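1. I would like to see how this sequence folds:
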Amino acid sequence: MLPIGENIKRLRIGAGLTQRAMAYRLKISIQAVSKWEQSRSYPDITMLPQIAKLFSVSIDRLFENE
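-> Numbering: from 1, shown residues only. This is a model prediction of the structure:
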């Protein structure tokens, strides 16, 4: 399984953001963030640059195994 959900959760918590705040900044639903973090779904490929920018990381970093 891709580690992106775990990485998004770790980055979000590290940035001090709630799921609600992250969803608001990305203009998506809270449910989408929750599903990503639980690996029940994955972000659309077009969202990856926005997510990476939000956390000031590269897109590659979103997929790295820690």
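2. ok, longest helix in this structure?
-> helix 4-14 (DSSP state H).
3. Give me the pLDDT value at Asn65.
-> Asn65 is assigned a pLDDT of 86 by the prediction.
4. was I right about it contacting Leu2?
-> No: in terms of CB atoms under 8 Å, Asn65 does not count as a neighbour of Leu2; the distance is 9.5 Å. In this view, the C-beta of every residue, glycine as well, is placed from N, C-alpha and C.
5. so how far is Glu64 from the most centrally placed residue in the chain?
-> The residue lying closest to the centre of the chain (CA atoms, centre = their mean) is Ile8, at 3.5 Å. Separation of Ile8 from Glu64 (CB to CB, to the nearest Å): 12 Å.
6. now swap in Lys53 and tell me
-> In terms of CB to CB, Lys53 sits 17 Å off from Glu64.
7. One more: Glu37?
-> 16 Å.
8. likewise Gln50?
-> 18 Å.
9. out of those two, which sits in the busier spot?
-> Gln50 (14 against 11; other CB atoms under 10 Å).
10. Count the neighbours of the closest residue to the more buried one other than its chain neighbours for me.
-> Nearest residue to Gln50 in three dimensions, chain neighbours excluded: Leu26, at 5.7 Å (CB to CB, 6 or more residues apart in numbering). By other CB under 10 Å, 16 other residues sit near Leu26.
11. Leu26 touches Met47, doesn't it?
-> Yes: in this structure, Leu26 is within contact of Met47 by CB under 8 Å, at 6.9 Å.
12. can you list contacts of stretch 46-61?
-> Asn7, Ile8, Leu11, Arg12, Gly14, Ala15, Met22, Arg25, Leu26, Ile28, Pro43, Leu62 (CB atoms under 8 Å, 6 or more residues apart in numbering).
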